[in-house]
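**Q** Below is the structure, and that's it, no one-letter string:
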């Protein structure tokens, strides 16, 4: 099946700093989503971005499908941005499920 | 619509007991998924329904696990004869055709 790798696994930032999270995937995809998992375990949708670039406030994402990677940018980070960020992809075959990476644990210090 | 809803939020059970979880998807979504997440890992796919039909099952879904989606609305996931290795967060998600998936709050299962 499709493989998803996220980097870095851990990231510690000072409040106000910018960061870039990366997601590499091993095959063509028809779905790519970025999630933030809150401390209670719920996955919060950030972006649905199988290709192209989107922005939402301080967050933006870019997926280059032909090169099989996606980037999540967080600007002017805040302590509330702390948590685990997951990239998940859906393949182009008959399977419909998302395959998740192992996540990036982000800690923003005040 | 308040999103995907799961019940219960937490469940503690003794080894060997059966447990059942419920998921209510977003009402207009015809696709429903179950995932399992253990500590420090990303969620892993268990099974997928399109309307009432169960179309995909992961190898993770042993014979002790069964899922249903009667009438294509809510879904239940039952684990029989629970084992300590079943302790995990069980997540439900729903989506419309070829669109993004939305997840519920999850059910955290602890088997003691």
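**A** Now that the structure is in, tell me what you want to look at. Note that the coordinates shown come from a computational prediction; the quantities given were computed from them, not determined experimentally.
**Q** my read is residue B:105 is in a helix, agree?
**A** No - assigned with DSSP: H, G, I helix; E, B strand; the rest coil, residue B:105 falls outside any helix and is coil.
**Q** Wait, it touches residue B:9, no?
**A** Yes - counting by CB atoms under 8 Å, residue B:105 does reach residue B:9; the two are 6.2 Å apart. All C-beta atoms are positioned from the backbone trio N, CA, C, and that covers glycine.
**Q** Can you pull out the low-pLDDT segments for chain A?
**A** Residue ranges of chain A with pLDDT under 70: A:93-95.
**Q** Which one's more surrounded, residue B:105 and residue B:9?
**A** A side-by-side neighbour count of residue B:105 and residue B:9, using other CB atoms under 10 Å in any protein chain shown, places residue B:105 first with 19 against 12.
**Q** Which residues are in contact with the more buried one?
**A** A:40, A:41, A:42, B:5, B:6, B:9 (CB atoms under 8 Å, 6 or more residues apart in numbering or on different chains).
**Q** Give me the neighbour count for the third one.
**A** Applying the criterion other CB under 10 Å, we find 18 residues in the vicinity of residue A:42.
**Q** ok, now the first one?
**A** Under the neighbour criterion other CB under 10 Å, residue A:40 is assigned a count of 9.
**Q** How about the second one?
**A** For residue A:41, the neighbour count with other CB under 10 Å is 17.
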